[in-house]
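S.K.: Sequence below, structure please.
(one chain, ligands or ions: 1)
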Amino acid sequence: MSQLFAKKVAAITGAGSGIGRALAIGLAQEGATVHIADRNAEGLAETAELIGAGDARAFMTELDVSSEIQVGSWIEQIGSTSGRLDAAFNNAGITGPALPIENYPLEDFQRVIAVNLQSVFLGMKYQIPLIKRSGGGAIVNTASVAALTGPGGMSAYAASKHGVHGLTRVAAMENAVHGIRVNAIAPGWTETPMVVANSQQNPGFAALARNAIPAKRGGRPEEIAAAAIWLASNAASYVTGHMLTVDGGMTIGGFEL
Ligand code: NAD
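M.R.: From the prediction side, this is the model:
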């Protein structure tokens, strides 16, 4: 069976849980050597174990994606360990509190922007030179349906994800000539372990949310990862500067028959 990422090297942030973990597993199954990063060392170790114990194709780094020094040295380490980088997935993110703007603490706003948006800027700042030296490749940033909509109470999150969309387009514009494609995914309601736990605590809200999705269910992390892996693969060789919604129809708008 031919593998989409045979002999290729991929970097994934937020790989200790949810969508990032599904990305790491999916990319490894497609033949990639994966460099996985997260602030949660335990989560990273679980992901590495799921990829396959003793597999020399998974390298873990505990870091904070909002730190320039930590992100820079991680990418440098990828260069020295694997000698190249073909695909990067800037995926780590947090939600922040749900509060109206007038009650939203500045430090929470700044933290969400740092973890969700500054991280994507820093990731690309250090990934692009290494991908260029590798002869080209692809970057996929994780945005959200909140890059397209204005969910009440989520000012910092929505601003950060709209920002991820903008950064993605600028990076795509700057790097098309260098053979680097840059795209984003916009997941909808995705049943990561955290979302599943919240839904069990608040089944009424979960049922309401699912009902608002034309597909009538949340997405699985693997379904989101599959779209991102496709965007990073040669199968999407003419796709750049695009944000792909993967949301079961959540943002179609309109109404049902
Ligand atoms: P998750 O909480 O399961 O995973 C996020 C991972 O990021 C965690 O392992 C966490 O430790 C890590 N992380 C958080 N802050 C970090 C930091 N400062 N440095 C390093 N690692 C950090 O959540 P998920 O649902 O898999 O989210 C992944 C991405 O998908 C996020 O960007 C999120 O905004 C986006 N997203 C999720 C949904 C959803 O419904 N789950 C919907 C739209 C977008």
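S.K.: Contacts for the helix or strand containing Val112, please.
M.R.: Assigned by DSSP states H and E, Val112 belongs to helix 106-113. Contacts made with helix 106-113 from outside it, assessed by C-beta atoms under 8 Å, 6 or more residues apart in numbering, are listed as Ile94, Thr95, Gly96, Pro97, Leu99, Ser155, Ala156, Tyr157, Ala159, Ser160, Gly163. Just so you know, the C-beta spots here come from the backbone N, C-alpha and C atoms, and that holds for glycine as well.
S.K.: If we use 6 Å, what do you get?
M.R.: Outside helix 106-113, the residues that touch it by C-beta atoms under 6 Å, 6 or more residues apart in numbering are Gly96, Pro97, Ala156, Tyr157, Ser160.
S.K.: Give me the below-cutoff pLDDT ranges for the stretch 1-150 of the chain.
M.R.: Across the stretch 1-150 of the chain, the ranges flagged by pLDDT under 70 are 1, 53-55.
S.K.: helices or strands next to the one helix or strand Ala186 maps to in the packing?
M.R.: Here Ala186 is covered by strand 180-187, with elements defined by DSSP H and E. Contact partners of strand 180-187 among helices and strands, from 3 or more C-beta pairs under 6 Å, 6 or more residues apart in numbering; DSSP states H and E: strand 137-142, helix 155-175, helix 221-232, strand 243-246.
S.K.: so which of the ones you listed comes closest to Val196?
M.R.: Nearest to Val196 among those is helix 221-232; the distance by C-beta to C-beta comes to 10.4 Å.
S.K.: thinking again about what came up before, so, in contact with the ligand or not, the helix holding Val112?
M.R.: No. Legend: contact between helix 106-113 and the ligand by C-beta under 6 Å from any ligand atom is lacking; minimum distance shown is 8.7 Å.
S.K.: quick one: that helix to helix 155-175, angle?
M.R.: Interaxial angle of helix 106-113 relative to helix 155-175 (axes from the mean of the first three to the mean of the last three C-alpha atoms, to 10 degrees): 40 degrees.
S.K.: next structured bit after helix 106-113?
M.R.: Tracing the chain C-terminally past helix 106-113 and defining elements by DSSP H and E, one meets helix 119-133 next.
S.K.: can you pull the alpha-carbon coordinates of that next one into CSV?
M.R.: These are the backbone C-alpha positions of helix 119-133, laid out as CSV (Å, rounded to 0.1, in the frame of the first residue of the first chain):
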residue,chain,number,x,y,z
SER,A,119,1.9,30.4,18.4
VAL,A,120,0.9,30.1,14.7
PHE,A,121,3.0,33.1,13.8
LEU,A,122,6.0,31.7,15.7
GLY,A,123,5.5,28.2,14.4
MET,A,124,5.6,29.4,10.8
LYS,A,125,8.4,31.9,11.4
TYR,A,126,10.7,28.9,12.3
GLN,A,127,9.2,26.2,10.1
ILE,A,128,9.3,28.1,6.8
PRO,A,129,13.1,28.4,6.6
LEU,A,130,13.5,24.6,7.4
ILE,A,131,10.8,23.6,4.9
LYS,A,132,12.5,25.9,2.3
ARG,A,133,15.8,24.1,2.9
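S.K.: Show me what counts as buried in that helix.
M.R.: Of the residues in helix 119-133, those buried by neighbour count under the rule 16 or more other C-beta atoms under 10 Å are Ser119, Val120, Phe121, Leu122, Gly123, Met124, Tyr126, Gln127, Ile128, Leu130, Ile131.
S.K.: Tabulate the residues you listed (JSON lines), appending distance to Asp64.
M.R.: Supplementary listing: the buried residues of helix 119-133 in JSON lines, determined by distance: C-beta to C-beta, whole Å:
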{"residue": "Ser119", "distance to Asp64": "9"}
{"residue": "Val120", "distance to Asp64": "14"}
{"residue": "Phe121", "distance to Asp64": "14"}
{"residue": "Leu122", "distance to Asp64": "10"}
{"residue": "Gly123", "distance to Asp64": "12"}
{"residue": "Met124", "distance to Asp64": "17"}
{"residue": "Tyr126", "distance to Asp64": "14"}
{"residue": "Gln127", "distance to Asp64": "17"}
{"residue": "Ile128", "distance to Asp64": "20"}
{"residue": "Leu130", "distance to Asp64": "20"}
{"residue": "Ile131", "distance to Asp64": "22"}
